[in-house]
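Enquirer: I need the structure of the sequence given here:
(2 chains)
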Amino acid sequence: MLIVAISITGVINRCRALLAGRKGLPFFQHIYNVRLLLRKGAVYSTTTTALFRIAPAVYLGSAIVAMLFIPVADLYPLISFEGDVICFAYLLALGRFSLILAAMDTGSSFEGMGASREALYGALIEPAIMIGFATLAMFCGYTSLADIFAHEQSFNLHLTIVMLLTAYLFIKIAFVESGRVPVDDPRTHLELTMIHEVMCLDYCGVDMAMIQIAGWLKTASISMLAANAIAATGCFHWWFATPLAILLTGLSVGIVESTQARNKLVRNTTFIVTISALAALIFFIGYLLQLNINI
Amino acid sequence: MNYYITNNTATQAVAIKDIPEVDYAALYDDLKERLKQEQYHVAHYFATPDENRLMFYIVLLDDKEHQIMLARFAMEYYDDIALPSLTALHPAMHPYEREIAELYNVKFGSMPWDKPLRFSENRRNRNSTIDNYPFYTIEGESLHEVNVGPIHAGIIEPGAFRFICDGEKVLHLEIALGYQHRGVETEFTSTDNRLRQTLLAESIAGDSAIAHTSAFAATIERLTDTAVSDSLATERIVALELERMAMHIADTGALSMDVGYQLGQVACEALRTMTINTTQAWCGNRFGKGLIRPCGTNKPLTKEKIDMILANVEQIGRRYAEVSDDIKSSPTLLSRFEHCGIVPRSEMLRIGGVGMAARASGLVRDIRSSHPWGKYATETKHESISQHDGDVMSRLMMRCDEVQQSVARIKSLLEGYTPETSSARPDYECALKSEHLSFGLIEGWRGEICHVALTNSEGKISTYKVKEPSLHNWLALALAVRGEGISDFPICNKSFNLSYCGHDL
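Expert: Next comes the predicted model:
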């Protein structure tokens, strides 16, 4: 799981550099950057309160705990209980909530704008995540991530269809959750267009490192979900699911970021609601397939 | 009313006493009517102390008749009467009247936007400082203000932007400039060293070094009665078009970057490097500094250099055409650029927009065709390109098309061109005619650049005035973002790519 978290950013950077015809960053450059940040102290704005200092810890903590719920194909997750899918979704929400509060705490107009955008998109993407989990839960009859994937190893057509569709859904969610093009652009220097980045403007040093690590973990968790869904259709082994998770997100983000422009900000809502609609559609398909209706 | 009439191919400066001195009331009445017609616009309007009087000069352009019309009027230096404001009728006059008011405390009656222009070091009211710029405010429950700058993220110049927003939507943007003020115009008069003055002209705005130096050289050559040789005229146009290509390509790349379109960005960055490297291979500086010199050149074109320029320009034109086709056929890019940051033609006309941005709105202001000089006057007539929507896409299309036009112009000038064996060296020593007014009017890549010099009885430059197209077009940017999402401001801004230092001087 950690390997996934560390590698995805590397693969994205490689892929982008390749498509741009450049030599590109060293594969582990982002790790070096974070190591550098971890060695630095932090400077806090005088307008901020304790809330601002706690937020990165909460953000990272929630991401770590959320990650622990995710199985890596046949490897059982560290924490698992009935209904942990809900817990997973809301841990992500908790992390987002803490960061939004911290951004508002700085009193900067940029960060306020970023926070309001993040809150809107967070609220819009939530139905997609929940319906995605609901599809899996309904189809498999379990409400724990570990059980959902562990018990569906036999090949059958219906399962394959639903799992592949769900995998697609989760990759799309990964785009939104990790703030990549076309929703957000992590590379931009323009505060006015930022969403996630602008909320971290006032952070530096250790706090910034925590936020970045948490971002990797979130992306890794969601892409691992997608990889699990694909692996469940055939080759349910950790050595298949891990590179799959890396490549799925890494390549798709890398290619999209190189060849596409960002959405206009007002179109992002449409984009995200479409993901939710897609989730609902997949749920419906799953329901029909489960009823064994011959389509 | 009487004007002194000349044009941009004139080789001689105008004796100040030949410029009719008129009454402000007559000038006001005349301009009031003339500026209603699209063919007229003011290229420069400034005041300068003349013994115990304040002398006002106006340079009016007639695009249709290709004429440059000059007039002047005077008022007592300490007169306290208010002149009726032309800005109230024609907002295009605002930068000139604001500058005059700021420098000499001249009052303009019913001036609608009575704010300092750039906080010059020689402003009259020392208490008005940039730190307490009187920003416009609107009260409202649902409104909030966002201040950007003066220090920006990214490597750009300083300028304060104050947005008044309703949620994500921008209701109003006000731009406060002056942070880059260096006192360029007074520097010109504080030295008689012609080389130093040339270097000053080169550093008015780094991205238009060639255009500004060309305007300076034209001003000086008119004051010294120097005829520009055929080869020198060719070289200057080639340099100017190379600069235009480089900046247009760079802006295409920057627009791609701002919407996160990596392929366009890296392709344009590579092409821009190739263009400025061509300039470097010619004159040793990527921005063409050292290339344009009054009355001659240190870097004459040779056969090898001509072949190199032709080969590079051909390749850049072909590769840039591919990039612009990609941009035009990419739906994600079109959805970002189209219907974004619209400045309608009527607004552009009202605020006196010039150059490429005005042509993108369908308002054809192009010195190359309306007041041709040098090779534009003698070779094939320049056909201005224009668009009509006035959105970010139109300004991008302007760039795509103008680059190809520049490529064609450079090719037509250089193909079959044989360089002269000995070309004139720059002359920094020759005396200027005394008590004359001279001007340089050039279409830089951003728009019309107008330099005006006045000489005193000793033949020294007593007043030097510079006008950059950005002076007019900053207001166009403020209008473009009205009603747009605040997150679209960066691409609107990039689509104009205006100069801070050219405005602040």
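Enquirer: quick one: low-confidence ranges for the stretch 1-150 of chain A?
Expert: Across the stretch 1-150 of chain A, nothing is flagged by pLDDT under 70.
Enquirer: Can you pull up the residues of it that come close to chain B?
Expert: The stretch 1-150 of chain A has residues A:R16, A:L19, A:A20, A:G21, A:R22, A:S109, A:F110, A:G112, A:M113 near chain B, with proximity defined as C-beta under 8 Å from any C-beta of the partner chain. Where C-beta positions appear, they are placed from N, C-alpha and C, glycine not excepted.
Enquirer: Most neighbours among those residues, which one?
Expert: When these are compared by neighbour count (other C-beta atoms under 10 Å in any protein chain shown), A:M113 ends up highest, at 25 neighbours.
Enquirer: Which of the three states applies to that residue?
Expert: State at A:M113, reduced to three classes by DSSP: H, G, I helix; E, B strand; the rest coil: helix.
Enquirer: in terms of contact, does it touch B:V146 like I think?
Expert: Yes: counting by C-beta atoms under 8 Å, B:V146 is a contact partner of A:M113 at 7.2 Å.
Enquirer: which residues are common contacts for those two?
Expert: Counting by C-beta atoms under 8 Å, 6 or more residues apart in numbering or on different chains, the shared contacts of A:M113 and B:V146 are A:L192, B:I486.
Enquirer: Ramachandran angles for residue 247?
Expert: In the absence of a named chain, chain A is used. Dihedral pair for A:L247: phi -70, psi -40, per degrees, to the nearest 10.
Enquirer: oops, chain B please
Expert: Torsion angles, degrees, to the nearest 10, at B:M247: phi -70, psi -40.
Enquirer: now swap in B:P49 and tell me
Expert: Main-chain dihedrals, B:P49, degrees, to the nearest 10: phi -70, psi 140.
Enquirer: Count residues in the vicinity of it, would you?
Expert: Counted with other C-beta under 10 Å, the neighbours of B:P49 add up to 13.
Enquirer: Show me what it is bridged to.
Expert: Using DSSP bridges, the bridge partners assigned to B:P49 are B:L54.
Enquirer: Relative to chain A, how far out is B:K411?
Expert: Per C-beta to the nearest C-beta, to the nearest Å, B:K411 is found 28 Å from chain A.
Enquirer: What separation do you get for that residue and B:M245?
Expert: In this view, B:K411 and B:M245 are 12 Å apart by C-beta to C-beta, to the nearest Å.
Enquirer: Comparing those two, which residue is more hemmed in?
Expert: B:M245 (31 against 15).
Enquirer: List the buried residues for the helix or strand that contains the more buried one?
Expert: Using DSSP states H and E, B:M245 falls within helix B:230-258. If you call a residue buried by 16 or more other C-beta atoms under 10 Å in any protein chain shown, then helix B:230-258 has these buried ones: B:231-258.
Enquirer: Run the angle between the very next helix or strand once past it and helix B:230-258 for me.
Expert: Later in the chain than helix B:230-258, the nearest helix or strand by DSSP H and E is helix B:262-283. Helix B:262-283 runs at 160 degrees relative to helix B:230-258, counting by axes from the mean of the first three to the mean of the last three C-alpha atoms, to 10 degrees.
Enquirer: near chain A at all, helix B:262-283?
Expert: Yes: with C-beta under 8 Å from any C-beta as the criterion, chain A is reached by helix B:262-283 at B:Q262, B:L263, B:V266.
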